[in-house]
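Undergrad: pasted the sequence and its predicted model underneath.
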Amino acid sequence: MKLYEIFIRAKSGLNHRHVGSLHAADPQMALQNARDVYTRREEGVSIWVVEAAAITASNPEQSEAWFDPAADKIYRHPTFYPLDEEVDNM
Amino acid sequence: MKKAIKHYLLRLADSSLTQSQRLAEWCGHGPFLEEDIALTNVALDLLGHAKLFYEQAAEISEQDVSADDLAFLRDVDQFRNPILTELPRGDFAYTTLKQYFFDQFNVLLYAELMNSQYQPLAEIAEKALKESRYHLTRSRDWCLRLSLSTAEAKQKIQSALDDLYFYTPELFETDDQLKQLLADNVMPDMQALKQQWQQQVDQLLQQCQLQAPTSGWLATGGLRGEHSEYLGYMLADMQFLQRAYPGCEW
């Protein structure tokens, strides 16, 4: 059986979020298993399944080279603008 | 009329309860973790359906009984389920095919029962139908998957079909009380339902490239309380706690 990564939309309007993985022989089985494993307690309204092998991931060993340089460039963050009070949650 | 309705509610409740109990036996024994969860999930859905039917039966009962009393304190000859649902769980192919026959039956039946003149039954059917539709998708997909995969899987599901096929006509059996309910538009015409069911089943068997057996022993008796020897063992397991510790709760 193949490994599938499971993404669930908690309610309409929200993004699908990665919730875990499971084994299945084909995509339909993965969907059905995801329904039973991850949405039994009303956790979602939509499911995506993706074969884990189809995901191209960044290499954890290179995470310093990839991500650390972002830490000291504060000028890249849009934090220097005053925001109107009506704009919440930025 | 009340007596006939209670008789039919028990038929429906006992069918779901025994089917649920057989599925629940897979708990911890499923072929793999995800399927183990899924099987017991379906078992819980069916237990929920049984509970609704029992509660309604208890409500219209002349004696002061609860849903639990009906499930746990009746004996073999008082159960009204068809023999199909009390058969041992067998291997996974056997469980899968048995589940498909049951799901296909329930989906067609509940869709009809939603139009029942007996309102409580129509309401339960509407609730149960949603879940049964999902069960059907699952069991149908599994039948296809097993039939069209390895030679061993195909052989197992073919042998399940040979064993189970002639237990299915009993699903559509009626008696004088049920005929009265048909006349009163409480339940649908089971012969018409059987035709729809047969059409769906034939179609799936064809897709699965499976051959239905042409002759065999035709199961009958559940509606009259005449059961196979398996039901007694199941009830012994299922009812033990209430029998040994009457009224026990947790």
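TA: That came in fine, so what should we check first? Numbering: from 1, shown residues only, chains lettered A, B, ... in the order given.
Undergrad: up against chain A, what does chain B have?
TA: B:Phe32, B:Leu33, B:Glu34, B:Glu35, B:Ile37, B:Ala38, B:Asn41, B:Tyr134, B:Thr137, B:Arg138, B:Asp141, B:Arg145 (Cβ under 8 Å from any Cβ of the partner chain). Glycine gets a C-beta too; all of them are placed from N, C-alpha and C.
Undergrad: just the buried ones from those?
TA: For these, a burial check counting by 16 or more other Cβ atoms under 10 Å in any protein chain shown picks out B:Glu34, B:Glu35, B:Ile37, B:Ala38, B:Asn41, B:Tyr134, B:Thr137, B:Arg138, B:Asp141, B:Arg145.
Undergrad: you'd agree the fourth one is up against A:Leu31?
TA: Think B:Ala38. No: taking contacts as Cβ atoms under 8 Å, B:Ala38 lies outside contact range of A:Leu31: 11.4 Å.
Undergrad: all strands of chain A, in order?
TA: Ranges of strands within chain A are A:2-9, A:16-24, A:46-51, based on DSSP state E.
Undergrad: winner for burial among the ones you listed?
TA: strand A:2-9 (a mean of 19; mean count of other Cβ atoms under 10 Å in any protein chain shown).
Undergrad: who touches that one?
TA: If you take Cβ atoms under 8 Å, 6 or more residues apart in numbering or on different chains as the criterion, strand A:2-9 is touched by A:15-25, A:27, A:30, A:34, A:37-39, A:43-53, A:55.
Undergrad: please apply the same query to stretch A:41-53.
TA: Residues outside stretch A:41-53 that contact it (Cβ under 8 Å, 6+ apart): A:2-12, A:16, A:19, A:21, A:24, A:27, A:30-31, A:34-35, A:38-39.
Undergrad: let's see 6 Å
TA: Here stretch A:41-53 makes contact (Cβ atoms under 6 Å, 6 or more residues apart in numbering or on different chains) with A:2-12, A:16, A:27, A:30-31, A:34.
Undergrad: could you do stretch B:185-192 as well?
TA: Applying Cβ under 6 Å, 6+ apart, the contact partners of stretch B:185-192 are B:Glu112, B:Ser116, B:Gln117, B:Tyr118, B:Phe172, B:Thr174, B:Leu181, B:Leu182.
Undergrad: can you check stretch B:168-181 too?
TA: Contact partners of stretch B:168-181, identified using Cβ under 6 Å, 6+ apart, comprise B:Ala4, B:His7, B:Tyr8, B:Pro82, B:Phe101, B:Phe105, B:Met187, B:Met190, B:Lys194, B:Ala219, B:Thr220, B:Leu223.
Undergrad: put the alpha carbons of stretch A:40-48 into CSV.
TA: Below are the C-alpha coordinates for stretch A:40-48, written out as CSV (Å, rounded to 0.1, in the frame of the first residue of the first chain):
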residue,chain,number,x,y,z
ARG,A,40,-15.4,11.3,12.6
ARG,A,41,-15.8,14.1,15.0
GLU,A,42,-16.9,16.9,12.6
GLU,A,43,-13.4,18.0,11.9
GLY,A,44,-14.0,18.9,8.3
VAL,A,45,-16.2,19.6,5.2
SER,A,46,-13.7,18.7,2.5
ILE,A,47,-10.8,16.4,2.1
TRP,A,48,-7.8,16.3,-0.3
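Undergrad: pLDDT score for residue 62?
TA: No chain in the question, so chain A it is. pLDDT for A:Gln62: 91.
Undergrad: sorry, I should have been clearer: chain B.
TA: At B:Glu62, pLDDT is 90.
Undergrad: B:Leu144: neighbour count?
TA: Counted with other Cβ atoms under 10 Å in any protein chain shown, the neighbours of B:Leu144 add up to 16.
Undergrad: what sits against the spatially closest residue to it that is not a sequence neighbour?
TA: Using Cβ to Cβ, 6 or more residues apart in numbering or on different chains and skipping the chain neighbours, the partner closest in space to B:Leu144 is B:Cys208 (5.8 Å). The neighbours of B:Cys208, taking Cβ under 6 Å, 6+ apart as the test, are B:Cys143, B:Leu144, B:Ser147.
Undergrad: make CSV out of the residues you listed and add secondary structure, pLDDT and distance to B:Met234.
TA: Listed next are the contacts of B:Cys208 as CSV, based on DSSP: H, G, I helix; E, B strand; the rest coil; pLDDT from 0 to 100; distance: Cβ to Cβ, whole Å:
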residue, secondary structure, pLDDT, distance to B:Met234
B:Cys143, helix, 98, 24
B:Leu144, helix, 97, 29
B:Ser147, helix, 97, 28
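Undergrad: brilliant, that's me finished.
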